[in-house]
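Trainee: I need the structure of the sequence given here:
(one chain, ligands or ions: 1)
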Amino acid sequence: MGNIKEILISEDQIKNRIFDLAKEIEKDYDDEILMIGILKGSTLFMADLIRNIDKTVYMEFMQVSSYEGTESTGKINIKKDIEVDLTGKDVLVVEDIIDTGNTLGYLVENLRSRGAKSVEIVTLLSKPERRLKEIDCKYIGFEIEDKFVVGFGMDYNQRYRNLSYIGIYDNSEENI
Ligand code: 5GP
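Mentor: Residues are numbered from 1 along each chain as shown. Presented below is the predicted three-dimensional model:
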C-alpha cells in the first residue's frame, strides 16, 4: 500500500453510506436534479450516487483549483465551467471532501448568483476541525478527523484515485 498508513473507510462502508445518501436525496427532491460534480475527486462518488437515485438526474462538471500537494492555497480559480443555464434549476453540488470550506464557499455563491432555484451540497467526507468558512452542507457521508486522505477519487499528486477504499496518506520522510 506504499504511503497508505491505514484504511479509514472500507469499500463496503462507502457503498452502504452512498446508498443511504442517495435515498435521502431521492426523497427530498420532487423534480429533476442538476448535479454538478467537482472534478476530479468527486467522480467515483457521483457515479455511485446517481446510480442509486430513482429520479431524473442531469450530470455536469466543474473544475476548480486551490490545492498543491497536501496544502490548500486558499485561492480559487475556475478551470472548467458548466455550459448550462441554471435559472430555476435545483442544483446539487457533489464534492469529495470539505476541508477549509474555501472551495465550496466560493462555488455556492457563484452558482446562486446564476439564478438557480436551490443550491445544496452533498459531500462524501467532511473535516469539521479544519473549517475556515462556514458551509451549509445538507448531505454528509462521513465526518473525519484532520488527516490527509486518498482513494475513492481522491488523490495525492494525481495518484491513488483508483483505490476502492479511503486511506490515510502518510507523507512522513521515511515513507517517501
Ligand atoms: P477546501 O476548499 O474545503 O479546503 O478543500 C476542498 C478540496 O481540497 C477537496 O475537493 C479536495 O480536492 C482537497 N482536499 C482537502 N482535503 C483533502 C484530503 O484530505 N485529501 C485529498 N486527497 N484532497 C483533499
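Trainee: interface residues of this protein facing the ligand?
Mentor: Contacts of the chain with the ligand, taken as CB under 6 Å from any ligand atom, map to 38, 41, 66-67, 72, 95-103, 148-150, 154-155. Every C-beta, even on glycine, is put in place using the N, C-alpha and C of the backbone.
Trainee: Among the residues you listed, which ones are in strands?
Mentor: Mapping those onto strands (DSSP state E) picks out Ile38, Ser66, Tyr67, Ser72, Glu95, Asp96, Ile97, Ile98, Val149, Val150.
Trainee: Any idea which of those residues the model trusts least?
Mentor: Lowest pLDDT of those: Tyr67, 59.
Trainee: what's the weakest-modelled helix or strand in the chain?
Mentor: Every helix and strand of the chain was ranked by mean pLDDT, DSSP states H and E. The lowest is strand 71-80, at a mean of 79.
Trainee: Run the chain-centre distance for the longest helix belonging to the chain.
Mentor: Longest helix in the chain by number of residues (criterion: DSSP state H): helix 11-28. Helix 11-28 sits 14 Å away from the centroid of its parent chain (CA atoms, centre = their mean, to the nearest Å).
Trainee: list the helices and strands it packs on?
Mentor: If contacts are counted by 3 or more CB pairs under 8 Å, 6 or more residues apart in numbering; DSSP states H and E, helix 11-28 sits against helix 43-51, strand 118-126, strand 139-143.
Trainee: which residues does the residue most central in space within the chain bridge with?
Mentor: Taking CA atoms, centre = their mean, the centroid of the chain lies closest to Glu95, which sits 1.6 Å from it. Under DSSP bridges, the beta-bridge partners of Glu95 are Thr123.
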